[in-house]
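In: quick one: sequence and predicted model below, then my questions.
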Amino acid sequence: MENLTIALRSILKNKNRNLLTMLGIIIGIASVISILAVGDGFTQSVTKSLGRDNASNKVTLSYSSKSSDMNSTDGFTQGDVAVLEDVPGVNSVKLSSYDNSVTSKLSYRQNSASTEIAAIKKSADVSKSNKQLLNSDKNSSDILISNSMKKKLFNSESAMNKPVQIGDNMFVVKGTFSADEYSPNVYLSKGTYNRIFNAKNAKTLAKLTIENGKNKKTIGKAALKKIKANGEYKNEGKYGIVDPTKDMKSFQKVLNNVTYFVALVAGISLLIAGIGVMNVMYITVSERRNEIGIRRAFGATGANIRNQFLTESIVLCVIGGILGIIIGYLVVLVINSFLPFKAVITIYSILISLLVSSAVGLLFGFIPSNKAAKESLVGLLKEE
């Protein structure tokens, strides 16, 4: 406690110098806290999404086609549903697709282009006025097209309220939007999409609901064995079990490694800050040689002197670490207003930050502290 009191008094005596010394610690810790928060938040968001199908009474079977044709219709069929529902322990079976979109040809006069078409979702990157399609019924003929598709079909003309043919159906353009190369270029209302295109989607997923009290792994294996033997498209593709837990663990491992690597790079600034701490501790030792001599004259040992300056170095870094955590927290609050998920500061990252800042104080404060401890009493008194 005496060393701690002396350390705090010394730090407050030279506030400006010590604050500048702590700046590197503060920036390094704030950076590490922010990076870990973003990484942990993204991991939790994706894990939660992957875990939705990992309920205790759900098993998902998948089908992957050997065909390279994007419009291939092989997959699970209603006949396969009947086969799977005959498996003991299976309550019901629901078919769905990995990708709820189709590729079709759009035509306007002499211009035409093949592109991806999908039902509009709440998450679609379109203006609020264009999201009126969300509430359209299955008989709606309104569509939205991307700016790139507008250029292909209409060149420099306006696309608003112009008729476009998709397959055998006519639609009216009600707006445009910006799309990247991975997004659909045409949006329809969900009802219209299901009425016209949903039958074209290959059903590549079979979601089994298991009876309460049954072992889902055992039943999943039995269902897979049966569909491999009796599946309608067994010769055109391959069946398997979707394991969200395995996917989550693999994803978490990769993402955590990336996050820790980036945090480590950001933490390099702590080494630079540590050199600053060492430098200021050398200055402190030089300025207080008289104090060291007096303490040694009154019986203080080399260990006492070493511990005194080492405590001051650690306290300096811990205060910087605490300030860094606070600033990191404020940075995360700002970041959260821009991210599509919530960055999360964990107790683990706070403890790591405090331990790292303490370690910096210990490592870079030891050499100056040891130098002070080895000063000879005779030399200090002669200097006095």
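Out: Yes, it's here. Small disclaimer: the values here were computed from a predicted structure and weren't measured.

In: for the protein, what helix or strand is lowest in average pLDDT?
Out: helix 377-383 (a mean of 53; mean pLDDT, DSSP states H and E).

In: show me where the stretch 1-150 of the chain has helices.
Out: In the stretch 1-150 of the chain, the segments counted as helices under DSSP state H, counting those that start in this stretch are 2-13, 15-50, 78-85, 147-154.

In: could those helices go into TSV alongside distance to Tyr187?
Out: For the C-beta atoms, the positions are set from N, CA and C on the backbone; glycine is no exception. Below are the helices of the stretch 1-150 of the chain laid out as TSV (distance: least, CB to CB, whole Å):
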stretch	distance to Tyr187
helix 2-13	61
helix 15-50	22
helix 78-85	28
helix 147-154	11
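
In: relative to Leu106, how far out is the residue most central in space within the chain?
Out: The centroid of the chain falls nearest to Phe42 when counting by CA atoms, centre = their mean (2.1 Å). Per CB to CB, to the nearest Å, Phe42 is found 36 Å from Leu106.

In: now stretch 16-33: buried residues?
Out: 18, 21-33 (16 or more other CB atoms under 10 Å).

In: just those now: which is nearest Ser114?
Out: Ser31 (46.7 Å; CB to CB).

In: ok, how many other residues are close to the closest residue to Gly79 other than its chain neighbours?
Out: Leaving aside its chain neighbours, Gly79 sits nearest to Glu232 (5.2 Å; criterion: CB to CB, 6 or more residues apart in numbering). Glu232: 15 surrounding residues under other CB atoms under 10 Å.

In: dihedrals phi and psi, Glu232?
Out: The phi/psi pair for Glu232 (degrees, to the nearest 10) reads phi -60, psi -30.

In: OK, contacts around it?
Out: 77, 79-80 (CB atoms under 8 Å, 6 or more residues apart in numbering).

In: ditto for Leu8
Out: Going by CB under 8 Å, 6+ apart, the list of residues near Leu8 reads Val315.

In: rewinding a little: would you single out the least confident of the helices of the stretch 1-150 of the chain?
Out: Of all the helices of the stretch 1-150 of the chain, helix 2-13 carries the lowest average pLDDT, namely a mean of 76.

In: got the contact list for stretch 161-174?
Out: By CB under 8 Å, 6+ apart, stretch 161-174 touches 104-108, 117, 130, 132-133, 141-145, 150, 153-154, 159-160, 186, 188, 196.

In: just the buried residues of these.
Out: 104, 106, 108, 117, 130, 132-133, 142-145, 150, 153-154, 159, 186, 188, 196.

In: which of the helices of the stretch 1-150 of the chain sits closest to Gly299?
Out: The closest approach between Gly299 and any of the helices of the stretch 1-150 of the chain, judged by CB to CB, belongs to helix 2-13 at 14.0 Å.

In: give the buried residues for that closest one.
Out: 3, 6-7, 10-11.

In: please apply the same query to stretch 262-271.
Out: Going by 16+ other CB under 10 Å, stretch 262-271 has these buried residues: 262-263, 266-267, 269-270.

In: swap in stretch 94-112?
Out: 95, 100-102, 104, 106, 108.

In: buried among the contacts of Glu232? Make that a ChimeraX selection.
Out: To isolate the buried ones among the contacts of Glu232 in ChimeraX, judged by 16+ other CB under 10 Å, type:
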select :77,80
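
In: is it possible to get CSV of the contacts of Glu232 that adds distance to Met281?
Out: Converted to CSV, the contacts of Glu232 look like this (distance: CB to CB, whole Å):
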residue, distance to Met281
Thr77, 75
Gly79, 78
Asp80, 73
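
In: wait, Ala372 touches Ile292, no?
Out: Yes - with contact defined as CB atoms under 8 Å, Ala372 reaches Ile292; the gap is 5.8 Å.

In: between those two, who's got more neighbours?
Out: Ala372 (23 against 19).

In: ok, the residue nearest to that one when sequence neighbours are not counted - contacts?
Out: Closest residue to Ala372 apart from its sequence neighbours, by CB to CB, 6+ apart: Val285 at 4.5 Å. Contacts for Val285 (CB under 8 Å, 6+ apart) come out as 292, 309, 368-369, 371-372.

In: could you do Leu133 as well?
Out: Leu133 neighbours (CB under 8 Å, 6+ apart): 120, 140, 142-144, 174, 187-189.

In: try it again with 6 Å
Out: Counting by CB atoms under 6 Å, 6 or more residues apart in numbering, Leu133 touches 120, 189.

In: so how far is Val186 from it?
Out: Counting by CB to CB - Leu133 and Val186 are separated by 11 Å.

In: try Ser114
Out: Using CB to CB, which is the criterion applied here, Ser114 is 11 Å from Val186.

In: what's the overlap in contacts for Ala372 and Ile292?
Out: Joint contacts of Ala372 and Ile292 (CB under 6 Å, 6+ apart) are Ile305.

In: nearest residue to the residue nearest to the centre of the chain in space, please, no chain neighbours.
Out: Ranked by CB to CB, 6+ apart and with sequence neighbours excluded, the top spatial neighbour of Phe42 is Phe341, at 5.9 Å.

In: just Val360 next, same as before
Out: Excluding the flanking residues, the one nearest Val360 by CB to CB, 6+ apart is Gly274, at 4.5 Å.

In: I figured the one you found hits Gly361, correct?
Out: No - using CB atoms under 6 Å as the test, Gly274 is too far from Gly361 to be in contact (8.2 Å).

In: so if I had to pick from these two, which one is more boxed in?
Out: Gly361 (26 against 23).

In: give me the pLDDT value at the more buried one.
Out: 82.

In: how close does the nearest residue to it once chain neighbours are set aside get to Leu23?
Out: Once flanking residues are discounted, Gly361 sits nearest to Cys317: 3.2 Å by CB to CB, 6+ apart. Computed with CB to CB, the distance linking Cys317 and Leu23 is 12 Å.

In: all good on my end, thank you.
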